[in-house]
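S.K.: how does the following fold in three dimensions:
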Amino acid sequence: MTAVTTSHIVIDDQGRPLIEGTRTKVIMVVMDKMNGMTPEEIHEAYPDLSLAQIHAALVYYYDHKAELDAEIARQSQEYEQLRAAAGESRFVKRMRSEGKLP
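M.R.: This next block holds a predicted model:
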């Protein structure tokens, strides 16, 4: 029997897992999956990725779940802080003043 190993995942200089030969971060594929997309739907959204690459990203996630979940939580918290600091956009303020938003 011959063992064949195919990863499709590389780690960049900042320690982030990427899909080999692309700029697509594993975490992007994982978040799409968390948002209910199937691998086939992810493939439709990222047609330059093969299903094998998408599945490899998900396998990598399940093998490194704790650290990637922590990174997702960290990014979510950072996003919320930046959003809160930015306040409402001029568009939202205008829509509120016109009574089009609560």
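S.K.: all strands of the protein, in order?
M.R.: Here the chain has its strands, by DSSP state E, at 9-11, 17-19.
S.K.: show me what stretch 74-94 is in contact with.
M.R.: 27, 96, 101 (Cβ atoms under 8 Å, 6 or more residues apart in numbering). Glycine gets a C-beta too; all of them are placed from N, C-alpha and C.
S.K.: which among those gets closest to Q14?
M.R.: I27 (12.3 Å; Cβ to Cβ).
S.K.: please report how far the closest one lies from I19.
M.R.: As for I27, its distance to I19 is 11 Å (criterion: Cβ to Cβ, to the nearest Å).
S.K.: tell me which of these two has more neighbours.
M.R.: More neighbours surround I19 than the other of I27 and I19, with 24 against 20 (other Cβ atoms under 10 Å).
S.K.: that one pairs with what?
M.R.: I9 (DSSP bridges).
S.K.: pretty sure it sits against L58.
M.R.: No. Checked against Cβ atoms under 8 Å, the pair I19 and L58 is beyond contact range at 11.0 Å.
S.K.: what is in contact with these two at once?
M.R.: With Cβ under 8 Å, 6+ apart, I19 and L58 have common neighbours V29.
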